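Engineer: got a structure for you, letters missing:
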């Protein structure tokens with residue numbers, strides 16, 4: 001592949017005030033900037049594959065490498081969010097069990113968190129959102145809201161059980177009482 005095959009080649013530089021150096025050597029910078037709706041990890045994966053293919057065809061003495069990889073930061077953030085979600089689930093289970101002393105009460109947030117995550121990711125894909133740092137932060141915050149809402153509902157149902165209602169009556173009444181406030185909190 002030659003430059004003339006893919007570009008208009010002129011002797012000169014676009015900007016004579018800039019010098020690019022990479023590891024102390026003079027270099028040429030070619031930036032790859034993903035579209036706002038693109039998956040950074042997929043884009044960089046494609047760039048890596050294409051770069052390996054191009055390296056095999058390069059003349060001797062010419063080298064190409066990736067100087068900055070933003071996908072590594074996103075991958076690390078995804079790993080951190082996953083660890084945080086697991087830790088959150090463990091802490092929620094421990095706290096609810098310690099305060100309410102009931103395995104049944106623990107099941108509500110344990111089921112609510114994965115269901116809300118699956119629903120949230122489904123809606124993200126439906127509306128074309130990508131997994132980036134902003135959406136990862138939104139997921140962590142929304143899990144906090146789900147946990148908070150689940151704890152409030154569980155405590156309300158437990159209160160109705162202590163007042164002598166049957167488990168079914170307590171669940172229906174406790175949930176009905178809190179539907180509007182929980183929707184308002186979530187919308188806010």
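Structural biologist: Looks like it arrived, so ask away. Small disclaimer: the values here were computed from a predicted structure and weren't measured. Residues are numbered from 1 along each chain as shown.

Engineer: The spatially most central residue of the chain: what secondary structure?
Structural biologist: Closest to where the C-alpha atoms of the chain average out (CA atoms, centre = their mean) is residue 136, at 3.0 Å. Recorded secondary structure, residue 136: helix (DSSP: H, G, I helix; E, B strand; the rest coil).

Engineer: who touches the residue lying closest to it once chain neighbours are set aside in this structure?
Structural biologist: Nearest non-adjacent residue to residue 136, counting by CB to CB, 6 or more residues apart in numbering: residue 81, 4.9 Å away. Yep, even glycine has a C-beta here, placed from its N, CA and C like the rest. Contact analysis of residue 81 by CB atoms under 8 Å, 6 or more residues apart in numbering lists 136, 139-140.

Engineer: which of the residues you listed lies closest to residue 92?
Structural biologist: Nearest to residue 92 out of these is residue 140 (CB to CB; 13.5 Å).

Engineer: Check what pLDDT that closest one gets.
Structural biologist: The model reports residue 140 with a pLDDT of 77.

Engineer: thought it was touching residue 83?
Structural biologist: No. Using CB atoms under 8 Å as the test, residue 140 is too far from residue 83 to be in contact (11.1 Å).

Engineer: Who has more neighbours out of these two?
Structural biologist: Neighbours were tallied for residue 140 and for residue 83 using other CB atoms under 10 Å; the higher tally belongs to residue 140 (14 against 10).

Engineer: Give the buried residues for stretch 5-20.
Structural biologist: Residues of stretch 5-20 include none that count as buried (16 or more other CB atoms under 10 Å).

Engineer: mean confidence score for that stretch?
Structural biologist: For stretch 5-20, mean pLDDT is 76.

Engineer: I'd like to check what contacts it. Which residues are they?
Structural biologist: 3, 26-29.

Engineer: Pull out the buried positions in whichever strand or helix holds the residue nearest to residue 136.
Structural biologist: Element membership for residue 81 (DSSP states H and E) is helix 70-100. Across helix 70-100, burial judged by 16+ other CB under 10 Å covers 71, 74, 81, 85, 88-89, 92-93, 96, 100.

Engineer: Kindly reformat those residues as CSV containing pLDDT and distance to residue 45.
Structural biologist: Compiled in CSV, the buried residues of helix 70-100 are given as follows (pLDDT from 0 to 100; distance: CB to CB, whole Å):
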residue, pLDDT, distance to residue 45
71, 82, 8
74, 80, 12
81, 81, 20
85, 79, 24
88, 79, 29
89, 80, 30
92, 78, 35
93, 81, 36
96, 77, 41
100, 71, 46
